[in-house]
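Engineer: Predicted model and sequence below, questions to follow.
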Amino acid sequence: MPTIVEKRVLTPITKLFRVEAPLIARSARPGQFLIVRVREGGERIPLTIADYDAATGLVTIVVQEVGATTRRLGALEPGETILDMVGPLGNAIELAPGGHVVGVGGGFGSAALLCLMRALRRRGDHTTIVMGARRADLLLLVDELRAVCDHLELCTDDGSVGFKGFVTQRLQQLIDGDSPRRPDHVVAIGPMPMMRAVAETTRPTGIPTLVSMDPVMIDGTGMCGGCRITVGGEVKFACVDGPCFDAHRVDFDEAMRRTKMYVREQEAALQRLETEGICHAG
Amino acid sequence: MPVKRANKTPMPERPAGIRSHDFREVNEGYSLAHAAFEAERCLRCQDPVCIEGCPVGIPIPDFIHAVAAGDLPGAARQLREANPLPAICGRVCPQESQCEMLCHMVKRFRPVAIGHLERYVADWERMETPLPEPRTPTRAEKIAVIGAGPAGLVCAGELARLGYAVTVYEALHAPGGVLRYGIPEFRLPKEILDWEIEVLRRLGVEIVCNVIIGKTLTLDALFDDYGFAAVFVGTGAGLPAFLGIPGENLNGVFSANEFLTRINLMRAYDFPAADTPLKVGRRVAVIGAGNTAMDAIRSAMRMGAEEALIVYRRSEKEMSARVEEYHHAIEEGVQFNWLTNPIEILGDKEGWVTGLKCQRMRLGEPDASGRARPVPIEGSEFVLPVDNVVLAIGTTPNPLLIKTASGLETTRRGCLVAEETTGQTSRRRIYAGGDAVTGAATVILAAGAGKRAARAIHADLSGEH
Ligand SMILES: Cc1cc2nc3c(=O)[nH]c(=O)nc-3n(C[C@H](O)[C@H](O)[C@H](O)COP(=O)(O)OP(=O)(O)OC[C@H]3O[C@@H](n4cnc5c(N)ncnc54)[C@H](O)[C@@H]3O)c2cc1C
Ligand SMILES: Cc1cc2nc3c(=O)[nH]c(=O)nc-3n(C[C@H](O)[C@H](O)[C@H](O)COP(=O)(O)OP(=O)(O)OC[C@H]3O[C@@H](n4cnc5c(N)ncnc54)[C@H](O)[C@@H]3O)c2cc1C
Ligand code: SF4
Ligand code: SF4
Ligand code: FES
C-alpha cells in the first residue's frame, strides 16, 4: 500500500502529500491523474499528479478538502498508508515545442502545473505561470512554482499580493501586450468556472488552449462512462480521452451541470462525517 | 434407478414482494432432499448429449449419479475437474440454451435441473470442506495474468495447480471482473466469489489490484523487466456503448456499467455508510433485454424505484437474458415494453431526465444475425415519463491495453485475435481468452477459454501436454 512520507499544510483546506508509489512515479507524465480510495466502502476519487520522481519513487498530490473523501484523505499523516491508489490515468499533455506556454492555475490546479512547467521549460519552451487566489494566504506552492518557470505571475482578488484582479484579467494583458510575452499556448487547470473564463479569454484570438476537465469519475479506465463530456459536439470519456481537451470546444454548461448530480448526497456524507468524526481504524 | 417425473424439482426462492426490496439472494438453494430427489430424474443416457451443451464438458450424468448415490465429495471432485467455478456457473449459466437445452428429457418433459444440482454440490463443497492447504509454486517459470475476471482467475488457478508462479494484475481495487462489479448480490453473493479467490490465493496465486497494464506497466515490461515467461490477457469487454440519441448526457442517464458498478463494487445501497451515492428516481427505464438489462432494472427496484420498465426494440423472442432472470423480473413487477425503440431522452430546465421518447416497431425481414429486423411504425412516437434511463445495449473490449502493445492483432470490432483451442494470439507467449476475444459472452465461455489457455501455456513452456 502506498505510504505517505511527507505532508504539508498549504492552506487550511489544502494539503500536499508525497507518497511512495514507485510504479506510478515511473510511468507518470505531466497532465495525468490517479485514483485513490481511503477506506473500505470509500469512494474512488481522482487526483491530479502534481509531481513525480522516478528516482525516489515518490508521487506528489495536492488535495483540496471539499467533501467527505477529501477530508478523510486530508486527515492522514506521514507513515500512514492510502488504501488504494491506481494510475497514472488519462493522457499526458502534448504541446508543440518552442513556444511561450502560459499555465493558468487556480486552487489545487496550480499544483498540477509543477511537473508540466518544469518539463516544458527543460525542453526549451518559454514558460509563464499565472496563479490566482482570493487572498495572498490562499496561494499555493509559490516558491516551488517560481523555480519551475521563467515568470510567475500572482493574482489576488484583493491585491494583497501581485496583480489585483482575476487570472483572466492578467492573461488578457499578456495577450494584448508585446510579442515575447504573448502566449502561444495556454493550459488552464483549476475550478471549472475559472477554466471556462480562460476559454472565453483566449477564444477571440484563437490561442490554442487546453483545460483539464474534472467530471465525476469511478473507474478511470473507460468502463463506466460516468465521466462523459461533450467536446466539439462529440461525446468523450474524460478519463481515457482526456482529461485535457481543447477549451474552445468543451461544453462547459453540460460539464458543470453534470458535476452537480450528487450535491445533496455529498452534503449528507459530509454531515455524517461531521457527526461521527474520522475514524482512523476504519 | 431413474424415476420418471415430468417437472424439475422447484428451486426454493424468496417471495417476490420481499426480495425485490433487498439485495439478498433470490434463490435459496436445494436441500439435500431436493437434490437427491432431482438427481433421480436423470436417465443416465447412453449418449449423454447434455455434455455436448456444456462448453467445458462437465461429466453431467456422472456427477448427478454421485449426488443420487449420496457421494457429494465425489460429485464435487468431478465438477471441479471440468469447471473451476461451479458455484458461480450453476447460478449464472444460461442453462436453457446450453446443457439443459440438449437434455433428452426435454423431448417430452422438463429437462433435468443440471444448473441447480451443480450449484447444490458446489455450495456443499464450500460449506462442508476445508480450504486447501497453502501451496507454493514448484516450477521456476513465472506467468502473468492480466484481468481478474473469470477468464483470468480460471487461467491463474489452472497454472498454479500445474506448479507455476502466477501473478494476476487487476485494474480495479478488487478482483472478480463482471462477477464483482456487474452481476448483483441477489444473483451471485460476493461471498462465493471471495471464497473462490481465497482458494486461488492458497494455491499460490498472487493477485495485485490497482495495476493497469498499458498504464501502470506495459505489456512489454512484464517480459523484459519482470521476467514473466508468458502472459494471459483476460481483460474482458468493459467498454459501454451509448445510443447516440439526443439527451444521453442529461443528469440521471447511466450506462448499465456505471449503474451496476456504483451498486455492486461501490455498495451504493449502503450509502451513506459507504461513500458512493446513486440517485434512483421513482420511475426507471432500462434500455435493452439481456442479462445486464435485467440486473439493472431489478437493482433499480431494490434501490427504491416504484416503477421499473424494460424498453427493447425487438420482441420477447429475441431477448437474450436467461429465462430464470426474465421470470424473476416479471414476478417482481418489471414491466416490459417490447418493440419499443428509444429515440430521445427528455429533460427539464435543470438538466434532469423527465421522459423517454419512443417509437413503436414491428418485426420485418431477418437481418444478418438471423433475427427479425425491427422496423419503425410511422407516427407512433410517444413519451414514457421516467426519472432515470439506464443503457444496457452492449459493451466492447477496452482498448487501453491493446493501444499500448505492439503486434497484437485485433478484429474490426476491437476483439483480440486468438486461436480458439489454445488462446494463442499473434504474439509469441501471449495468450488471450474470454470477452476480450469473443466480445461480451458468458462466464462459462470465459472460464473455458482461461482453462484451455493454461493448458496451452503449459505445453508451450514445458513441451508436455
Ligand atoms: C481528473 C481529475 C483530477 C482532479 N485532481 C484533483 C486534485 O489534484 N486535487 C483535488 O483536490 N481535487 C482534484 N479533483 C477533484 C476531486 O476528485 C474531487 O474534489 C473529489 O472527488 C471530491 O470528493 P469528496 O468526497 O471529498 O467530495 P464530494 O462531496 O463527493 O464532492 C465535492 C465535489 O467533488 C466532485 N466529485 C465528487 N465525486 C467525484 C469523483 N468521483 N470524481 C470527480 N469529482 C467528484 C463533486 O461534483 C463536487 O463538486 C480532480 C478531479 C478529476 C476528475
Ligand atoms: C451485468 C452483467 C450480467 C451478466 N450476467 C451473466 C449471466 O447471468 N451469465 C453469464 O454467463 N454471463 C453473464 N454476463 C457476462 C459475463 O459476466 C462475462 O462474459 C464474463 O465476466 C467475461 O469474463 P472475462 O474474464 O473475459 O472478463 P471480465 O469479467 O470483464 O473481467 C475482466 C477484468 O479485467 C480487468 N482489466 C481490464 N483491462 C485491464 C488492464 N489493462 N489491466 C488490468 N486489468 C484489466 C477488468 O477490470 C476486469 O476485472 C453478464 C455480464 C454483465 C455485465
Ligand atoms: S457449466 Fe453451465 S453449461 Fe456446463 S453443466 Fe454447468 S450449468 Fe450447464
Ligand atoms: S441428457 Fe439429461 S437425462 Fe440424459 S444424462 Fe444428460 S442430464 Fe441426464
Ligand atoms: S471514469 Fe468511468 S469511464 Fe471514465
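Structural biologist: Good, I have the coordinates. Ligands and ions are numbered 1, 2, ... in the order given.
Engineer: From now on I want contacts and neighbour counts done on CA atoms only, so please keep to that.
Structural biologist: OK.
Engineer: ok, the residue in the stretch 51-200 of chain A that ligand 4 sits nearest to to residue B:70 distance?
Structural biologist: When scored by CA to the nearest ligand atom, the stretch 51-200 of chain A has residue A:84 as its residue closest to ligand 4, at 46.1 Å. As defined by CA to CA, to the nearest Å, residue A:84 lies at a distance of 46 Å from residue B:70.
Engineer: Between the two, tell me which one has more neighbours.
Structural biologist: residue A:84 (20 against 14; other CA atoms under 10 Å in any protein chain shown).
Engineer: Is the more buried one in contact with residue A:36, as I believe?
Structural biologist: Yes. Assessed by CA atoms under 8 Å, residue A:84 is found in contact with residue A:36 at 5.3 Å.
Engineer: nearest spatial neighbour of residue A:3, skipping sequence neighbours?
Structural biologist: Spatially, and ignoring its direct neighbours in sequence, residue A:3 is nearest to residue A:81 (4.2 Å; CA to CA, 6 or more residues apart in numbering or on different chains).
Engineer: can I assume that neighbour is in contact with residue A:6?
Structural biologist: No. Here residue A:81 does not reach residue A:6: they are 11.5 Å apart, not a contact under CA under 8 Å.
Engineer: which stretches of the stretch 101-250 of chain A have low pLDDT?
Structural biologist: Across the stretch 101-250 of chain A, the ranges flagged by pLDDT under 70 are A:179.
Engineer: Strands along that one, start to end?
Structural biologist: A:126-133, A:151-156, A:163-164, A:185-189, A:209-212, A:228-231, A:234-237, A:244-246 (DSSP state E, counting those that start in this stretch).
Engineer: Now those in a markdown table, please, with extra columns for mean neighbour count and distance to residue B:368.
Structural biologist: Listed next are the strands of the stretch 101-250 of chain A as a markdown table, based on neighbours: other CA atoms under 10 Å in any protein chain shown; distance: least, CA to CA, whole Å:
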| stretch | mean neighbour count | distance to residue B:368 |
| --- | --- | --- |
| strand A:126-133 | 25 | 57 |
| strand A:151-156 | 21 | 62 |
| strand A:163-164 | 18 | 66 |
| strand A:185-189 | 26 | 48 |
| strand A:209-212 | 26 | 43 |
| strand A:228-231 | 21 | 32 |
| strand A:234-237 | 18 | 28 |
| strand A:244-246 | 20 | 39 |
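Engineer: Out of those strands, which is closest to residue B:365?
Structural biologist: strand A:234-237 (32.8 Å; CA to CA).
Engineer: since we're on the closest residue to residue B:251 other than its chain neighbours, how many residues are nearby?
Structural biologist: Excluding the flanking residues, the one nearest residue B:251 by CA to CA, 6+ apart is residue B:352, at 4.7 Å. Per other CA under 10 Å, the neighbour tally for residue B:352 reads 21.
Engineer: Correct me if wrong: residue B:352 contacts residue B:247.
Structural biologist: No. In this structure, residue B:352 is not within contact of residue B:247 by CA under 8 Å, at 9.6 Å.
Engineer: what's the burial count for residue 11?
Structural biologist: With no chain named, the answer covers chain A. 14.
Engineer: I was after chain B.
Structural biologist: So residue B:11, with other CA under 10 Å, has 16 neighbours.
Engineer: One more: the one 4 residues further on?
Structural biologist: Counted with other CA under 10 Å, residues neighbouring residue B:15 total 12.
Engineer: per-residue confidence at it?
Structural biologist: Listed pLDDT for residue B:15 reads 96.
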